[in-house]
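Student: Pasting the sequence and the predicted model now:
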Amino acid sequence: MQKIGIFGLGVTGNSIFQELKRHGNEVICWDDSADNRSKFDASLLEPISSDKWIDLDAIYISPGVPRLHEIFALAVSCNILILSDIQLFLDSVPSSKIVAITGTNGKSTTVALIGHILKELGRDYHIGGNIGKAVLDLPKDSEGYILELSSFQLDLLNNFEPDIAVLLNITPDHIEHHGGFENYCNAKEKILQNDGIKIVGIDNAESRKLYNKLKSAGDRKTISISSKNAKADIACLLASIEDQFFNNQSYGLTNMPYLQGDHNQENIAAAFAVCRSLGVSAEEIIKYLQSFKGLAHRMQYVGNSANMHFYNDSKATNANATYHSLAALKNIYWLAGGIFKEENLRPIDAALPNIKKAYLFGESKMVFVEYLEGKVEYEICETMEEALAAAKADALSDASDAHILLAPACASFDQFKNFEERGKRFVELV
């Protein structure tokens, strides 16, 4: 019997506990949150100041715990193995195919898109990880799994050997958690350190650097994807997919309102490369691309009224993600604001001509005022409700089609519990 510690008792920590309990391990647990502790079996709680934490075989740590937390230092100083729920899950499904997907932006849509195509084909694949169910709640012994992995989750993995690994892009995010951008990039790169098929976006400087590193090392299992470069192995351009890896053919695409913008073209290219690697024909992939309805809060097409078209991209919590949203549309009435967590808004620069007017709300609204002054007309609001009402009033008098877009470029915690609650409220208001 192993002696195991579990640090972090949210959804992930609870799923780890249930899994370990089934195997009869001796377990102690802790969470810095008194609220999380209050919902847990008090007889198993031990503060990490207890000597019991220095005599463990392994510690399972939830992915949201920052690397600078003392639990990591404790584990290292006592030579205790650090593990995660993803590791526990992977060890429990050794015969299943694993498709692992990461990237600063786009990973949730890519996972959902692949899952949709495979489900329509009747393939026994399930999605999980940083999306949907906790991985330990997924059915066991399926044909395969499509896992969305955050930098936090990758950082905790050891000996990771997915059959197919996808790195979409890398831009600055979660820097405080990792203690610097270099550490964040290193966490993302872990998804490529294996012998499986590697699918890498080359539209982004950091991910392109890692692609070139793999090719220079002679890796023949690496596939480049792009939404701009027609010479990439798989390129999804405005009206076609160019396949120069599997069979050197071009495939036409019709307009897909639920997959607008360059970033979604990158997601389509990644989904195409993964599904072709799993033996799906190009024709079947394109057929089921057309029936994909998108993910909630990720450039979600909510609908239209009169001349107005509404898009919910509440998941766009950073400037780079917001740039892609703004670049996907024209004549935009832009709702933005919340808690800004970056140095500046410069990544949005090239998309400014697409904005008709901005409606700014929340704690960091004056950051946007300073950025937009003299560039784009704006209106200062207090709440998202007020911003949406003002945008609708202005858009109704527009002679052209107006695109009312929530792409906040900010965290939501000043006025909402999370980005999902913010997006859901937007949809309710529309």
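Tutor: Sure thing, it's come through. Everything quoted here is computed from the prediction, not taken from an experiment. Numbering: from 1, shown residues only.

Student: quick one, strands of the stretch 251-400 of the chain?
Tutor: Using DSSP state E, counting those that start in this stretch, the strands of the stretch 251-400 of the chain run over residues 300-305, 308-312, 332-337, 355-361, 378-380.

Student: Could you spell out the sheet neighbours of the fourth one, each with its direction?
Tutor: So that's strand 355-361. As defined by DSSP bridges, the strand partners of strand 355-361 come to strand 332-337 (parallel), strand 378-380 (parallel).

Student: residues of the longest one that come out buried?
Tutor: Read it as strand 332-337. I332, Y333, W334, L335, A336, G337 (16 or more other CB atoms under 10 Å). (Each C-beta comes from the backbone N, C-alpha and C, glycine too.)

Student: Next, the contact list for the residue lying farthest from the centre of the chain, please.
Tutor: In the chain, counting by CA atoms, centre = their mean, D51 sits farthest out from the average C-alpha position, at 37.7 Å. With CB atoms under 8 Å, 6 or more residues apart in numbering as the criterion, no residue contacts D51.

Student: distance of it from E70?
Tutor: Distance of D51 to E70, given as CB to CB, to the nearest Å: 15 Å.

Student: And S281, by the same measure?
Tutor: Distance from S281 to E70, counting by CB to CB: 52 Å.

Student: okay, the strands of the stretch 251-400 of the chain, which one's buried deepest?
Tutor: Each of those was scored by mean neighbour count; the highest is strand 332-337, a mean of 28, by mean count of other CB atoms under 10 Å.

Student: Skipping its backbone neighbours, what lies nearest S400 in space?
Tutor: Distance criterion CB to CB, 6 or more residues apart in numbering; nearest residue to S400, sequence neighbours excluded, is N331 at 5.5 Å.

Student: show me what contacts that neighbour?
Tutor: Shown in contact with N331 (CB under 8 Å, 6+ apart): N354, K356, D398, S400, D401, A402, H403.

Student: For the fifth one, grab the count of nearby residues.
Tutor: To tie it back to what came earlier, the one meant is D401. 14 (other CB atoms under 10 Å).

Student: Kindly report the same for the one 3 residues further on.
Tutor: For I404, the neighbour count with other CB under 10 Å is 27.

Student: Tell me if it really is in a strand.
Tutor: Yes: the assignment for I404 is a strand, going by DSSP: H, G, I helix; E, B strand; the rest coil.

Student: Enumerate the beta-bridge partners assigned to it.
Tutor: For I404, the beta-bridge partners are F310, Y333 (DSSP bridges).

Student: domains for this protein, by residue range?
Tutor: By the assignment in automatic domain parsing, the chain contains the domains 3-83, 89-289, 300-429.

Student: got JSON lines for these, with mean pLDDT too?
Tutor: As requested, these are exported to JSON lines (pLDDT from 0 to 100):
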{"stretch": "domain 3-83", "mean pLDDT": "93"}
{"stretch": "domain 89-289", "mean pLDDT": "91"}
{"stretch": "domain 300-429", "mean pLDDT": "95"}
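
Student: so where do the strands sit in the stretch 1-150 of the chain?
Tutor: Remark: strands assigned in the stretch 1-150 of the chain by DSSP E, counting those that start in this stretch are 3-7, 26-30, 58-61, 81-83, 97-102, 125-129, 144-148.

Student: Tell me which of the ones you listed lies nearest to P257.
Tutor: Evaluated over the strands of the stretch 1-150 of the chain, closeness to P257 peaks at strand 125-129, with 22.7 Å, by CB to CB.

Student: Adjacent strands (with direction) for that closest one?
Tutor: strand 144-148 (parallel).

Student: which helices and strands sit right next to the next helix or strand after the partner strand?
Tutor: Per DSSP states H and E, the first helix or strand lying C-terminal to strand 144-148 is helix 151-155. Under the contact criterion of 3 or more CB pairs under 8 Å, 6 or more residues apart in numbering; DSSP states H and E, helix 151-155 touches helix 175-178, helix 181-189.

Student: Tell me where the stretch 251-400 of the chain has helices.
Tutor: 262-277, 282-289, 319-327, 365-372, 384-395 (DSSP state H, counting those that start in this stretch).

Student: which of the ones you listed is buried the deepest?
Tutor: Counting by mean count of other CB under 10 Å, helix 262-277 has the highest mean neighbour count of those, with a mean of 26.

Student: by how many degrees do that one and strand 97-102 diverge?
Tutor: Relative orientation of helix 262-277 and strand 97-102, computed by axes from the mean of the first three to the mean of the last three CA atoms, to 10 degrees: 160 degrees.

Student: between helix 262-277 and helix 282-289, how big is the angle?
Tutor: Orientation check (the same axes, to 10 degrees): helix 262-277 against helix 282-289 gives 140 degrees.

Student: just how off-centre is helix 262-277 within its chain?
Tutor: Centroid displacement of helix 262-277 relative to its chain, using CA atoms, centre = their mean, to the nearest Å, is 15 Å.

Student: Would you enumerate the residues in contact with L278?
Tutor: Counting by CB under 8 Å, 6+ apart, L278 makes contact with K97, V99, L118, R123, G144, I164.

Student: Let's see if you can find the most crowded of those residues.
Tutor: V99 (28 neighbours).

Student: That residue is in contact with V274, isn't it?
Tutor: Yes: V99 lies in contact with V274 (CB atoms under 8 Å); the separation is 5.8 Å.

Student: who touches both of these two?
Tutor: Going by CB under 8 Å, 6+ apart, residues that sit against V99 and also against V274 are I114, I146, I164, V166.

Student: What strands flank the one helix or strand the last one maps to, and is each parallel or antiparallel?
Tutor: Using DSSP H and E, V166 maps to strand 164-167. Strand 164-167 has the following sheet partners, assigned by DSSP bridges: strand 97-102 (parallel), strand 197-201 (parallel).

Student: out of the helices of the stretch 251-400 of the chain, nearest to Y184?
Tutor: Closest among these, once you apply CB to CB, is helix 319-327, at 13.3 Å.

Student: So which elements touch that closest one?
Tutor: Helices and strands touching helix 319-327, as assessed by 3+ CB pairs under 8 Å, 6+ apart, comprise helix 262-277, strand 332-337.

Student: Distance to S150 added to the ones you listed, as TSV?
Tutor: Output for the helices and strands packed on helix 319-327, formatted as TSV (distance: least, CB to CB, whole Å):
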stretch	distance to S150
helix 262-277	17
strand 332-337	24
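
Student: Of these, which is nearest K39?
Tutor: Evaluated with CB to CB, these place strand 332-337 nearest to K39, the distance being 33.0 Å.

Student: now the closest one against helix 365-372, angle please.
Tutor: Going by the same axes, to 10 degrees, strand 332-337 makes 140 degrees with helix 365-372.
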